[in-house]
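**Student:** quick one: sequence and predicted model below, then my questions.
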Amino acid sequence: MDDIAKRLVGCFQTVFPDLEAKQIPAASQETVAAWDSVATVTLITVIEDEFGVALDLERLQEFDSFSRLYGHVVELVSQTNA
């Protein structure tokens, strides 16, 4: 697991403290009962604070799983570091 994934797992643990770290990479709105619209907004805020990036809220509906959020964060971080 790379540094971004580890940090993103930490963000998920902040919002979903009942999830074990090993469960988080497979987490999605379909598999996490507590993941509703409020949790999505909270998660986005935590991610933005952790990584110092701004997620595109027009893509909010796409942020429905760890893997999709991971891909978006990697893209934003690489643009920031370029």
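**Tutor:** That came through fine. Residues are numbered from 1 along each chain as shown.

**Student:** quick check: beta-bridge partners of S28?
**Tutor:** Per DSSP bridges, the residues bridged to S28 are S65.

**Student:** isn't it up against D64?
**Tutor:** Yes: look at S28 against D64 with C-beta atoms under 8 Å: they come within range, at 5.9 Å. In this view, the C-beta of every residue, glycine as well, is placed from N, C-alpha and C.

**Student:** ok, now which ones touch the closest residue to V15 other than its chain neighbours?
**Tutor:** With sequence-adjacent residues excluded and distances taken as C-beta to C-beta, 6 or more residues apart in numbering, V15 is closest to L43, at 4.7 Å. By C-beta atoms under 8 Å, 6 or more residues apart in numbering, L43 lies in contact with C11, F12, V15, F63, L69.

**Student:** then H72?
**Tutor:** Contacts of H72 (C-beta under 8 Å, 6+ apart): L55, D56, R59, E62, F63.

**Student:** give me the mean pLDDT for the helix or strand where it lies.
**Tutor:** Using DSSP states H and E, H72 maps to helix 66-81. Averaged over helix 66-81, pLDDT sits at 91.

**Student:** just stretch 36-45 next, same as before
**Tutor:** Averaged across stretch 36-45, the pLDDT comes to 95.

**Student:** so for it, what gets flagged as buried?
**Tutor:** The neighbour-count check on stretch 36-45 (16 or more other C-beta atoms under 10 Å) flags T40, L43, I44 as buried.

**Student:** how about the residue nearest the centre of the chain, what does it touch?
**Tutor:** The chain has L69 as the residue nearest its centroid, 4.7 Å off, counting by C-alpha atoms, centre = their mean. Residues near L69 by C-beta under 8 Å, 6+ apart: L8, L43, I47, F63.
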